[in-house]
Structure formats: C-alpha cells, structure tokens
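Colleague: Below is the sequence, then the predicted model.
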Amino acid sequence: MKKLQLRFKTSEGKKRNLVLNYVKSGLDENTVRQAMDKISASKLFEKDTVELYKEVLDAKYIDRTETKVF
C-alpha cells in the first residue's frame with residue numbers, strides 16, 4: 001500500500017505528520033505543496049490552542065510491502 005506522508009511544524013515548533021492512505025502515485029511537488037499550503041492556511045486543525053499544521057516542511061511517499069510467510 002502506498003501512503004503519502006505530509007510533514008508540518010506546529011505553532012509550538014514540533015513536527016507533526018499527516019498520513020494519507022490510497023493516494024494517487026506520481027503527484028508532483030507543486031501539486032502536493034499547494035495542497036499542504038491550503039491545509040496550513042485553513043487553520044482548521046487545532047488542539048489546545050496549538051495550530052497542528054502551521055508550517056509546511058516536506059512530503060514523501062511511503063511504500064509498504066507485505067510478504068506472507070504462510
């Protein structure tokens with residue numbers, strides 16, 4: 001299964017991940033960055049007055065391969 005991990009910095013300076021499952025592969029940097037900028041600008045994600053996705057850091061695909069033993 002391929003996932004897309006979006007890394008942000010919170011308003012407290014801590015790193016925070018948003019992992020999306022079942023994503024389209026081959027998304028370019030511009031497309032992902034625009035989506036991340038929208039998430040950050042929306043300010044919808046907050047916990048105890050801390051903005052969880054305040055600053056965009058980076059994004060990467062994560063591939064997970066399972067091999068059945070028996």
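Modeller: Okay, I see it.
Colleague: ok, the closest residue to Phe8 other than its chain neighbours - contacts?
Modeller: Closest residue to Phe8 apart from its sequence neighbours, by Cβ to Cβ, 6 or more residues apart in numbering: Tyr53 at 4.1 Å. In short, each C-beta sits where N, CA and C put it, glycine included. Contacts for Tyr53 (Cβ atoms under 8 Å, 6 or more residues apart in numbering) come out as 8, 10, 16, 18, 36, 39-40, 45.
Colleague: downstream neighbour of the lowest-mean-pLDDT helix or strand in the chain in the secondary structure list?
Modeller: Sorted by mean pLDDT, DSSP states H and E, the helices and strands of the chain end with strand 46-47, the least confident at a mean of 94. Next helix or strand after strand 46-47 toward the C-terminus (DSSP states H and E): strand 50-51.
Colleague: distance between that following strand and the chain's centre?
Modeller: The chain centroid and the centroid of strand 50-51 are separated by 16 Å, computed with Cα atoms, centre = their mean, to the nearest Å.
Colleague: ok, residues contacting it?
Modeller: 10-12, 43, 45.
Colleague: Quick one, which of those residues are buried?
Modeller: 10, 45 (16 or more other Cβ atoms under 10 Å).
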